[in-house]
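Asker: Give the three-dimensional model of this entry:
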Amino acid sequence: MSKASLFAEQGYYRQLITDARRTEIDALRGLAILGLLFLNAPFFIYFDYGYIAPPGTHLADSLLYGIQVLLLDGRFRGLFVALFVVGLIVQWQRRATDSRDEPMHYLRARLYCLAVIGLVHGMLLWAGDILLGYALAGLLLVTMLDSPAKQQLRQGILFTIVGSAVLLTLSGLYIEPALTYGDEQYQGYLIQDNFHFLATRSSNAINMLLMTLVSLFSVLWLELGAMLLIAATWRSGFLSSPWSHQVKLSVGAGLLLCLLLSGIHLGYGNSFTATLSLIANSISGTITALIALHWLSRRRLRIGVGVRLLANVGRLSLSCYLAQSALMLVITHYFGLYIAQNFALAHYALLAFAIIIVQLLGANVYLRIFTQGPAEWAWRKAVERWR
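Answerer: Next up is the predicted model:
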């Protein structure tokens with residue numbers, strides 16, 4: 001691969017290579033990590049069902065649920081995927097300009113170690129782990145990074161279509177109605193488990209294995225498709241070039257179509273519409289991430305207190321992500337049954353915001369003392385030993 005083949009020689013891309021870090025990029029990564037916690041908080045109770053509304057759900061819950069389904073689901077994941085791809089490309093280029101290291105070997109070592117971290121995290125802490133899937137998709141992506149942008153674009157669209165078709169087919173084989181708090185299946189689940197530690201860990205491990213199997217046949221291809229689309233738009237210079245009115249209209253139309261598809265789940269809640277909403281929101285998340293990166297490439301973000309706090313979380317993204325799962329595990333172990341029986345969606349949002357504030361302030365204090373997060377340090381050491 002040519003050392004300059006992935007980047008323009010000047011402008012935004014070149015700036016990313018030469019700068020040690022960009023605060024704006026770290027801030028976006030921090031926003032993605034904290035946003036994931038906000039959306040995932042209800043699923044820590046029972047990953048099988050996620051949020052099950054208790055009796056007497058009030059207007060605030062309905063509004064929050066609508067906002068999540070229509071405007072937030074998939075957006076933070078899409079942003080995180082985009083920054084994951086940008087990180088891979090920048091690391092590739094930095095290693096390619098250093099004759100002492102071979103970029104493919106280095107990136108594969110990082111991704112193998114990340115896959116192990118994700119597997120351990122998913123089996124022991126939370127089945128909703130995203131690290132393993134991203135690492136596996138990343139291992140496939142790095143073999144395609146040197147492909148022409150048009151080829152990457154075609155591959156990205158193909159993988160997105162294939163992954164979506166498989167997911168929709170699987171969900172359409174048996175369409176289940178949406179569960180409610182009063183359903184015997186959900187109540188039986190609460191009584192059977194009663195949040196005993198070994199029971200919850202066993203259930204979590206089983207869910208992780210099932211999620212991994214599903215991911216290998218469907219979700220993995222959706223993630224790889226999104227990564228290839230991000231890489232293609234990067235390679236072509238699309239992210240740093242001015243967008244015409246036609247492009248802006250096309251992007252807006254794509255977002256509107258995804259919004260309409262995800263909105264079907266609000267009116268007809270079942271397993272199939274939930275899958276359709278997941279796919280639509282994943283695509284919308286990729287489009288939203290492209291908009292964010294394009295906007296960032298054209299403007300300099302004002303670095304205020306809020307941006308710096310988010311950037312600190314972004315610098316400790318792996319540590320913060322794992323810490324979220326560990327903290328939620330402790331909370332659900334001691335208060336899980338009470339939370340499941342009494343919390344509405346607004347309560348989950350408040351719990352998530354409390355943890356978000358702790359992480360914003362904690363990351364700021366931590367980086368005043370240390371330069372690297374504990375998980376980031378362990379990852380780097382593991383990569384060195386792997387190589």
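
Asker: what about residue 367, how many neighbours?
Answerer: 17 (other C-beta atoms under 10 Å). From N, CA and C alone the C-beta is placed, and that goes for glycine too.

Asker: Look up how far residue 376 lies from it.
Answerer: Per C-beta to C-beta, to the nearest Å, residue 367 is found 11 Å from residue 376.

Asker: How about residue 299?
Answerer: Remark: distance between residue 299 and residue 376 (C-beta to C-beta) = 28 Å.

Asker: Same check on residue 207?
Answerer: Distance of residue 207 to residue 376, computed by C-beta to C-beta: 27 Å.

Asker: Could you find the closest non-adjacent residue to the spatially most central residue of the chain?
Answerer: Centroid check for the chain by C-alpha atoms, centre = their mean gives residue 77 as the closest residue, at 2.9 Å. Closest residue to residue 77 apart from its sequence neighbours, by C-beta to C-beta, 6 or more residues apart in numbering: residue 285 at 5.4 Å.

Asker: contacting residues for that neighbour?
Answerer: For residue 285, the contact set (C-beta atoms under 8 Å, 6 or more residues apart in numbering) comprises 74, 75, 76, 77, 78, 79, 81, 226.

Asker: what is the mean pLDDT for the strand or helix carrying it?
Answerer: Taking DSSP states H and E as the definition, residue 285 sits inside helix 271-298. Averaged across helix 271-298, pLDDT comes to 90.

Asker: For that helix, buried residues please.
Answerer: For helix 271-298, burial by neighbour count (16 or more other C-beta atoms under 10 Å) applies to 271-294, 296-297.

Asker: correct me, but residue 124 touches residue 201?
Answerer: Yes. Counting by C-beta atoms under 8 Å, residue 201 is a contact partner of residue 124 at 7.1 Å.

Asker: okay, now the closest residue to residue 347 other than its chain neighbours: neighbour count?
Answerer: Once flanking residues are discounted, residue 347 sits nearest to residue 339: 7.7 Å by C-beta to C-beta, 6+ apart. By the measure other C-beta under 10 Å, the count of residues near residue 339 is 19.

Asker: and the helix or strand harbouring residue 339, which residues are buried?
Answerer: Assigned by DSSP H and E, residue 339 falls within helix 317-342. Going by neighbour count (16+ other C-beta under 10 Å), the buried part of helix 317-342 is 317-325, 327-329, 331-332, 336, 339-340.

Asker: what about stretch 234-243, start to end distance?
Answerer: In stretch 234-243, first residue to last residue: 14 Å (C-alpha to C-alpha, to the nearest Å).

Asker: average pLDDT across that stretch?
Answerer: 86.

Asker: just stretch 118-136 next, same as before
Answerer: For stretch 118-136, the mean per-residue pLDDT is 93.

Asker: Also stretch 162-179?
Answerer: The average pLDDT for stretch 162-179 rounds to 82.

Asker: which residues in the stretch 1-150 of the chain form helices?
Answerer: Secondary structure of the stretch 1-150 of the chain (DSSP state H, counting those that start in this stretch): helices located at 12-18, 23-40, 59-67, 75-96, 103-124, 131-141, 149-173.

Asker: So for residue 218, which of the ones you listed sits nearest?
Answerer: helix 149-173 (4.1 Å; C-beta to C-beta).

Asker: Show me what the closest one is packed against.
Answerer: helix 220-235, helix 271-298 (3 or more C-beta pairs under 8 Å, 6 or more residues apart in numbering; DSSP states H and E).

Asker: Export these as CSV, with columns for distance to residue 362.
Answerer: Formatted as CSV, the helices and strands packed on helix 149-173 follow (distance: least, C-beta to C-beta, whole Å):
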stretch, distance to residue 362
helix 220-235, 29
helix 271-298, 25
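
Asker: Out of those helices, which is closest to residue 34?
Answerer: helix 271-298 (15.1 Å).

Asker: That closest one: what's the following helix or strand?
Answerer: helix 305-315.

Asker: tell me the average confidence for that next one?
Answerer: Mean per-residue pLDDT for helix 305-315: 94.

Asker: mind listing what's buried in it?
Answerer: For helix 305-315, by 16+ other C-beta under 10 Å, it's 307, 308, 309, 310, 311, 312, 313, 314, 315.
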